[in-house]
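S.K.: What would the 3D arrangement of this be:
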Amino acid sequence: MSYGAQETVTLTRDVDAAVVPVGTKVTLQQGEQAYITQELGGSYTVVVNGNMFRIDGKDADALGKEVKQTTIRSTTGQPVTKEELDKHIWEQLRTCYDPEIPVNIVDLGLIYDCHIDNLADGGGYKVDVKMTLTAPGCGMGPVLQQDVQNKLISIEDVQEVNVELVWEPQWNQGMMTEAARLQLGLM
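M.R.: All right, here's what the predicted structure looks like:
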């Protein structure tokens, strides 16, 4: 079976991973050989012993990769406006990928709603996201949900994030952007 591996690496330490597509948490062992099949949005999809796993970007060092800065800060040093924050949020959402599909979740049409509120104490913002999955039974749902939460909470002015998985309306390929359909050969 060919996985289209980009690179073969040896794990430099034990690392937490999620089994694709079921999402079960496992620990991959130091010294195991991994084939990196996808490196998008700061996370990695790897194949180890014929099984596919997702490894978070915070654990990139286990693959011999550099762990990248994850906090998004204001470029002016001043608190961001709601409009600037909205832009940062959508940029971060575009760095979230299903480990089996090389298209971000925004272009896949998985984000149904994103709402920003000021916190009552004036100390930042709360973000509420409603998203879906390409299939209701996808075990990666909690992993993707956590990825969205982690990416948004990394924005300096965001203090709270709530990500809700919803199933209505049911996702279909017509919700994808034209660019996503083209990238996946659906046009």
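S.K.: Please parse this protein into its domains.
M.R.: Annotated domains of the chain cover 7-63, 82-183 [automatic domain parsing].
S.K.: Output the ones you listed in a markdown table; the columns should cover mean pLDDT.
M.R.: Written out in a markdown table, the entries for those read as follows (pLDDT from 0 to 100):
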| stretch | mean pLDDT |
| --- | --- |
| domain 7-63 | 91 |
| domain 82-183 | 92 |
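S.K.: Could I get those in CSV, plus columns for mean neighbour count?
M.R.: All C-beta atoms are positioned from the backbone trio N, CA, C, and that covers glycine. Conversion of the domains of the chain to CSV gives the following (neighbours: other CB atoms under 10 Å):
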stretch, mean neighbour count
domain 7-63, 17
domain 82-183, 17
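S.K.: how much space between the residue of the chain positioned farthest from its centre and Q159?
M.R.: For the chain, the residue at maximal distance from the C-alpha centroid (CA atoms, centre = their mean) is D121, at 29.5 Å. Distance from D121 to Q159, counting by CB to CB, to the nearest Å: 9 Å.
S.K.: Which parts of the chain are helices?
M.R.: Per DSSP state H, the chain has helices spanning 82-93, 141-153, 178-183. These are given in chain order.
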